[in-house]
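Colleague: Take this sequence and fold it.
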Amino acid sequence: MEKWYKVSESELRELIHDSIKLCALEAGGVDNWEWYSDSIHDFLAENAKNNENIYSLAKKELQNYEEVKD
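Modeller: Next comes the predicted model:
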């Protein structure tokens, strides 16, 4: 079952902006740059615990949002 969360307009706009920017960068080949994987690894080393990945960090971040109940 899909869950729904409250998010401010400004934060949603920023999330959409970041998603579009990432898609544009990947379409331009940034994911093939030599340091791309290193940057992700470094970010996770500084911000993740117990071998978490980006998806698990995102899931954990959902705890900061209020779930909308039907």
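Colleague: C-alpha only now, for contacts and for neighbours.
Modeller: Fine.
Colleague: most centrally placed residue in the protein?
Modeller: By Cα atoms, centre = their mean, the chain has its centre lying nearest to Ala58, at 5.6 Å.
Colleague: Which strand or helix spans that residue?
Modeller: helix 54-61 (DSSP states H and E).
Colleague: Equivalent analysis for Glu2, please.
Modeller: Here Glu2 is assigned to no helix or strand, by DSSP H and E.
Colleague: Check it and give its pLDDT.
Modeller: With respect to pLDDT, Glu2 has a value of 91.
Colleague: List the neighbours of the lowest-mean-pLDDT helix or strand in the chain that are in contact with it.
Modeller: For the chain, counting by mean pLDDT, DSSP states H and E, helix 36-47 ranks last in confidence among helices and strands (a mean of 90). For helix 36-47, the external contacting residues (Cα atoms under 8 Å, 6 or more residues apart in numbering) are 30-31, 52-54.
Colleague: Same check on stretch 16-32?
Modeller: Outside stretch 16-32, the residues within contact range by Cα under 8 Å, 6+ apart are 36-37.
Colleague: coming back round to it: model confidence for the residue nearest to the centre of the chain, exactly?
Modeller: 93.
Colleague: could you give the mean pLDDT of the longest helix along the chain?
Modeller: Across the chain, the longest stretch assigned as helix under DSSP state H is helix 9-27. Helix 9-27 shows a mean pLDDT of 95 in the predicted model.
Colleague: roughly how far is it from the heart of the chain?
Modeller: Distance, stretch centre to chain centre, for helix 9-27: 10 Å (Cα atoms, centre = their mean, to the nearest Å).
Colleague: which parts of that helix are buried?
Modeller: Within helix 9-27, no residue counts as buried by 16 or more other Cα atoms under 10 Å.
Colleague: 8 is where my numbering starts, stick with that
Modeller: From this message on, residue numbering opens at 8, which makes the last subject helix 16-34.
Colleague: Can you dump the C-alpha atoms of that helix in CSV for me?
Modeller: Output in CSV follows, covering the C-alpha atoms of helix 16-34 (Å, rounded to 0.1, in the frame of the first residue of the first chain):
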residue,chain,number,x,y,z
GLU,A,16,5.7,23.5,-1.6
SER,A,17,9.2,24.9,-1.4
GLU,A,18,10.7,21.6,-0.4
LEU,A,19,8.8,19.7,-3.1
ARG,A,20,10.0,22.2,-5.7
GLU,A,21,13.6,21.8,-4.5
LEU,A,22,13.3,18.0,-4.7
ILE,A,23,11.8,18.2,-8.2
HIS,A,24,14.6,20.6,-9.2
ASP,A,25,17.3,18.3,-7.8
SER,A,26,15.8,15.3,-9.6
ILE,A,27,15.7,17.1,-12.9
LYS,A,28,19.2,18.3,-12.5
LEU,A,29,20.5,14.8,-11.7
CYS,A,30,18.7,13.4,-14.7
ALA,A,31,20.3,16.1,-16.9
LEU,A,32,23.7,15.4,-15.5
GLU,A,33,23.4,11.7,-16.0
ALA,A,34,22.0,12.2,-19.5
